[in-house]
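1. Starting from these lines, generate the structure:
(2 chains)
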Amino acid sequence: DGGITQSPKYLFRKEGQNVTLSCEQNLNHDAMYWYRQDPGQGLRLIYYSQIVNDFQKGDIAEGYSVSREKKESFPLTVTSAQKNPTAFYLCASSMERGGRETQYFGPGTRLLVL
Amino acid sequence: GQNIDQPTEMTATEGAIVQINCTYQTSGFNGLFWYQQHAGEAPTFLSYNVLDGLEEKGRFSSFLSRSKGYSYLLLKELQMKDSASYLCAVRSDYKLSFGAGTTVTVRA
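-> Below is the predicted model:
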């Protein structure tokens, strides 16, 4: 089955702790994205990567870090510098074909601060 | 910067039609997307418009006017399972910018 997987589904973070959210895709998509969703707000872009070993900051990158060592994987680390990390985190991937590009989302990880 | 506006909430009756409007002001435009998101779940892709006009896909249709910076999503023959949030997103420079979403409640 092709798709995007995120783990864990729920994650609890203690104050001052770094945590890493996993995102894996077997769709052979080149581009991958991380979004954050807060209640009543739209998705906001944290980081994106168009190709392996390259990534760019999105609109709210402060307090987050990523890596893209493999095409299939784009993990997101929420560092202790992110003071308000409680949110729903969504990973997406996409491939452009014939001028059309569609992003498909993973099931999400809900991060809560203890 | 990007500015994408859509109504916060809409309510409609089962079997009816609802139209969700989206206006946008963005630097660059490479297409407009509509996603459906049920509570606690990930968004799922509904439609993509890059040229002006109407795209129909079953009970759902999406319209785009690039000159007016305007799109709408039309949901016909509403069913209870259509109760969800509908997200408008504009693509520019390889990135998607999302509106806050419109929560549609379908009543029996």
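2. Up against chain A, what does chain B have?
-> B:4, B:30-31, B:33, B:35, B:41-45, B:48, B:50, B:87, B:89, B:91, B:94-101 (Cβ under 8 Å from any Cβ of the partner chain). C-beta coordinates here come from the backbone N, C-alpha and C atoms, glycine included.
3. Residue 102 pairs with what?
-> This is for chain A. Residue A:102 forms beta bridges with residue A:95, as assigned by DSSP bridges.
4. my question was about chain B
-> residue B:86.
5. which of the residues in the lowest-mean-pLDDT helix or strand in chain B are buried?
-> Every helix and strand of chain B was ranked by mean pLDDT, DSSP states H and E. The lowest is strand B:95-98, at a mean of 90. If you call a residue buried by 16 or more other Cβ atoms under 10 Å in any protein chain shown, then strand B:95-98 has these buried ones: B:95, B:96, B:97, B:98.
6. Can you identify each of the strands in chain A by residue range?
-> For chain A, the strands defined by DSSP state E occupy A:4-7, A:10-13, A:19-25, A:31-37, A:44-51, A:54-57, A:64-66, A:76-78, A:87-97, A:100-105, A:109-113.
7. Which strands and helices lie in contact with the longest one?
-> So that's strand A:87-97. strand A:4-7, strand A:19-25, strand A:31-37, strand A:100-105, strand A:109-113 (3 or more Cβ pairs under 8 Å, 6 or more residues apart in numbering or on different chains; DSSP states H and E).
8. rerun that using 6 Å as the cut-off
-> Applying 3 or more Cβ pairs under 6 Å, 6 or more residues apart in numbering or on different chains; DSSP states H and E, one finds that strand A:87-97 contacts strand A:19-25, strand A:31-37, strand A:100-105.
9. could you check the angle strand A:109-113 makes with that strand?
-> With axes from the mean of the first three to the mean of the last three Cα atoms, to 10 degrees as the basis, strand A:87-97 and strand A:109-113 are set at 150 degrees to each other.
10. got the contact list for strand A:87-97?
-> Applying Cβ atoms under 6 Å, 6 or more residues apart in numbering or on different chains, the contact partners of strand A:87-97 are A:4, A:6, A:21, A:23, A:25, A:27, A:29-38, A:101, A:103, A:105-106, A:108-110, B:42.
11. From those, list the buried ones, please.
-> Using 16+ other Cβ under 10 Å as the burial test, the contacts of strand A:87-97 include A:4, A:6, A:21, A:23, A:25, A:29, A:31-37, A:101, A:103, A:105-106, A:108-109, B:42 as buried.
12. burial count for residue B:63?
-> By other Cβ atoms under 10 Å in any protein chain shown, 20 other residues sit near residue B:63.
13. Now do it against chain A, distance only.
-> 18 Å (Cβ to the nearest Cβ, to the nearest Å).
14. Please name the bridge partners of that residue.
-> On the basis of DSSP bridges, residue B:63 is bridged to residue B:54, residue B:72.
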